[in-house]
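Engineer: Dropping a prediction and its sequence here:
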Amino acid sequence: MALDLKIKTNAQQISKRYSRLQSKFPRIIDKGLLQAGFHLLDIIRTKTAKGIDFRNVPFAQYSESYRKQLQREGKPLKVDLFYSGRMLGALTPSSRTIKKTGTNKISVGFSNAQMRQRALFNQVLNTPKREFFGFNDRTEKIISKQFNRFIEKELQKFKLWVYEKILHPIYYQLSQV
């Protein structure tokens, strides 16, 4: 008595589809990194508008002469680094302010050189310093969680795709044997 067993596989098709799937991962990560950069910009702008630096410490008060100038011009005396709106306006999410600078790295900056100088003055050169452009550990964790959620959502989409395109045909072929 002899038993012949013939198994047909679609290993080549699976391999090809897996390669296609694997090629999409870097794009997903890049998209998630850009999204994280946009989120960081939003946090920086929100904290600055509230008058706190990246460590959640209130900004130092303006000098008396500057406060008098603001009063004459009818501007608020709250320290929020908002005089004309141009400096923080140069922090808008765009391809000029958020750039990919390497593998799994992005850079966040100002789109206008003059506003970059103004930010440098506020951040480093001025006394007292008002360090608004940065992030602390808590902010990093928040952005990291958001990045991980984004990647998980994208991978969930692929699980459905993998089932429909790869696993379902395998199950179908096995059920035909």
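Structural biologist: All right, it came through fine.
Engineer: Quick check: which ranges of the protein have low pLDDT?
Structural biologist: For the chain, the stretches flagged by pLDDT under 70 are 1-10, 14, 17, 20-21, 92-97, 158-177.
Engineer: Next, count neighbours for residue 127.
Structural biologist: 6 (other CB atoms under 10 Å). Where C-beta positions appear, they are placed from N, C-alpha and C, glycine not excepted.
Engineer: on contacts alone, who are the packing partners of the top helix by length along the chain?
Structural biologist: The longest helix of the chain (DSSP state H) is helix 11-50. In terms of contacts (3 or more CB pairs under 8 Å, 6 or more residues apart in numbering; DSSP states H and E), helix 11-50 is packed against helix 86-89, strand 98-102, strand 105-108, helix 137-162.
Engineer: List the buried residues of stretch 121-141.
Structural biologist: By neighbour count with 16 or more other CB atoms under 10 Å, stretch 121-141 contains the buried residues 122, 123, 130, 132, 133, 135, 139.
Engineer: and the third one, which of the three is it?
Structural biologist: Right, the one you point to is residue 130. coil (DSSP: H, G, I helix; E, B strand; the rest coil).
Engineer: so who does it touch?
Structural biologist: Residue 130 makes contacts with 53, 59, 60, 79, 81, 122, 123, as judged by CB atoms under 8 Å, 6 or more residues apart in numbering.
Engineer: what does residue 154 give?
Structural biologist: Residue 154 neighbours (CB under 8 Å, 6+ apart): 28, 31, 32.
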